[in-house]
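Enquirer: okay, structure incoming, though there's no sequence with it:
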């Protein structure tokens, strides 16, 4: 797939983060509270700043942590649609450059990533509940 660097995928992002994504970004010097937000289900998501991902440089149209970006960002524009399954995100202007082979490979990665993220969120919630007891 080719990227046009339009920034649409970085705008008002809801990108999920795995524990490995968070640790990788912490290892290069970012503090968790600066780039992670947790929702009610215990899911870790990238923070937004002025309507864009906290790591998106609006002036250069580039990711500040590109080499260390979350796996979901690496897999994008292949996503999981709740009612549909594995798809190429319609908002991506370069969606037509995703090959069938790439869609299949990235689709498998999406499903593995979502299972891992769901398990981590469940564990996070259970830990929080046990702390409250």
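Expert: In hand now; what should we look at? This one's a predicted model, so the numbers in the text were calculated from it and none came from an experiment.

Enquirer: now find how far off-centre stretch 6-19 is within its chain.
Expert: Offset of stretch 6-19 from its chain centre (C-alpha atoms, centre = their mean, to the nearest Å): 5 Å.

Enquirer: stretch 47-54 now?
Expert: On the basis of C-alpha atoms, centre = their mean, stretch 47-54 sits 13 Å off its chain's mean C-alpha point.

Enquirer: centroid residue for the chain?
Expert: residue 15 (3.1 Å; C-alpha atoms, centre = their mean).

Enquirer: gap between the nearest residue to that one once chain neighbours are set aside and residue 68?
Expert: Nearest residue to residue 15 in three dimensions, chain neighbours excluded: residue 46, at 4.4 Å (C-beta to C-beta, 6 or more residues apart in numbering). The C-beta positions use only the backbone N, C-alpha and C, and glycine is treated the same way. Separation of residue 46 from residue 68 (C-beta to C-beta, to the nearest Å) stands at 13 Å.

Enquirer: between the two, which is the more surrounded one?
Expert: Between residue 46 and residue 68, counted using other C-beta atoms under 10 Å, the more crowded position is residue 46 (25 against 15).
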